[in-house]
Structures are given as C-alpha cells and as structure tokens.
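> with the input below, show me the fold.
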Amino acid sequence: MLCIAALAGCGASEDDGRDIPEWMGAEPHFEAVGFLHGEELDISMGASAADVTQLYCTREYTVPQAADGTPRYDQGRLTELKINAFVEVDGERRQIELELKRHDFQADEVGDETAIIPRSELEDPGPAEMWLEWEWHDETDATTYEAAGQTGTATLELYEGQPDETGLVIPDGMGAIGVHWTARWSETEEIRGSFTVPCTTSVVEIAAL
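Just a heads-up that it's a prediction; the model follows:
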C-alpha cells in the first residue's frame, strides 16, 4: 500500500521536520510537507507512486470553435492540470486533488517559474501566473476540503508528451509533468512539495469564439 505520514498536531515543522528544497527527480513521486486545515502534513507516497491508479494527472485543454463549428486547435491551450494522489491519513484513506489552474505549462520551458495568485472570478491569471487549489476527497470521492492558495511559486521541472495530429492534445496515457512548488494559504498554512506524475487522461473543452 502507501508509504505516508500525515498526522494532525505532529510531523514536519520548520525546526525538526524534513524540507523539500528542490525537485526530487524524474521517477514518479508525490511529496509534500507543511501545515494546512489544522493538520501538519508529511506526505511521501513511496512505491505506490509508480501505480497509475494511485497517482495520475489529467490534462485539460480549452479549444475555441470557429463559426462553422470547426475546432481551432491552433488557438487552443492547456488550461488546467489535476494531480490526483491516493493516500492514508491516520488510517483514513483520502484522495488529494491538486489543481494547477489557468496556466499553460505545455507552452513553458523547463525551469520556468509561475507565480501562484489568489483566485478571482473577475480576472484570469497573467501568462506567468496561475491559481492553485488543494482538495481532500473521502473514499466516496466527496469533497471534504477545498481551498485556493494565495501566494507561492511553481517551477516546471519536466514536461513530456508528444501532441497528436491536432498539434495540441497529448493523447491519453502519454507524457508526464514534474513540478517543485510552494504555496501559502494563510500566515500559518503553507505546503512545500515536489511531484513527477504520469498523465493518463486528456480532456478537451470546445468553446465558442
């Protein structure tokens, strides 16, 4: 099963816990330490990270549609990455859904740093900005916690995958994403993490021009 520690009231801290100062490499992994929603977290998936049913990524693309109904893939872009990790916290099985929103990582270069900004319904992030959300889901997939980070950074360390004939969409089961990130939700809530995750699914939304 999983190799994970995530205990309320104990675990990682600035003084005595481990840190994640850099990306932890190209092998599949999901590592996170910090404090969020009343819990001090030290998450390490271990061998289960190689199981695509336990750790996987979904790519979401938005493609405009011409007046004649033709999708304009040449004007489309990657608009969201969802990282899903199944973990165990105090004997309770949970799912993490880490959402990297409104940023086109597929257009970035390795080493590019993206700023995390507060989510707003009035304005999308700029080209070097993004929204980040952390969600907890229970065994029934019900959302038990959801909150957007307010500040932080995400550095692209790896982006693999060859687009199909559209020139944009990477097919299901191909490619991977690697990121080193830090996000803060409040003065006391911060998570630092590293992941390399295989992408199993690509979803395309066709939107009117």
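> quick one: low-confidence ranges for the chain?
Per-residue confidence for the chain (pLDDT under 70) gives these ranges: 1-16, 209.
> farthest from the middle of it: give me that residue.
residue 68 (34.9 Å; C-alpha atoms, centre = their mean).
> now do the strands in this structure.
Ranges of strands within the chain are 5-7, 29-36, 39-44, 55-65, 77-89, 92-101, 113-116, 129-137, 143-148, 151-160, 176-184, 190-208, based on DSSP state E.
> could you identify which of those is most buried?
When the strands of the chain are scored by mean count of other C-beta atoms under 10 Å, the highest mean neighbour count falls to strand 29-36 (a mean of 23). No exception for glycine: its C-beta is placed from N, CA and C like everyone else's.
> got the angle for it vs strand 143-148?
Taking axes from the mean of the first three to the mean of the last three C-alpha atoms, to 10 degrees, one finds that strand 29-36 is oriented at 80 degrees with respect to strand 143-148.
> direction included, what does strand 29-36 pair against?
In the sheet, strand 29-36 lines up against strand 39-44 (antiparallel), strand 190-208 (antiparallel) (DSSP bridges).
> quick one: closest of these to residue 139.
When these are compared by C-beta to C-beta, strand 39-44 sits nearest residue 139, at 17.5 Å.
> and the closest residue to residue 188 other than its chain neighbours, how far from residue 46?
Leaving aside its sequence neighbours, residue 188 sits nearest to residue 35 (C-beta to C-beta, 6 or more residues apart in numbering; 6.4 Å). Noted for residue 35: a distance of 22 Å to residue 46, by C-beta to C-beta, to the nearest Å.
> try residue 139
20 Å.
> more neighbours: those two, which one.
residue 46 (13 against 10; other C-beta atoms under 10 Å).
> residue 132 pairs with what?
Taking DSSP bridges as the rule, residue 132 bridges to residue 100.
> isn't it up against residue 181?
Yes: counting by C-beta atoms under 8 Å, residue 132 touches residue 181, with 7.4 Å between them.
> mutual contacts of those two, please.
116, 152, 154 (C-beta atoms under 8 Å, 6 or more residues apart in numbering).
> list the contacts of the residue nearest to residue 139 when sequence neighbours are not counted.
Closest residue to residue 139 apart from its sequence neighbours, by C-beta to C-beta, 6+ apart: residue 93 at 5.4 Å. Residues counted as contacts of residue 93 (C-beta under 8 Å, 6+ apart) are 86-87, 139.
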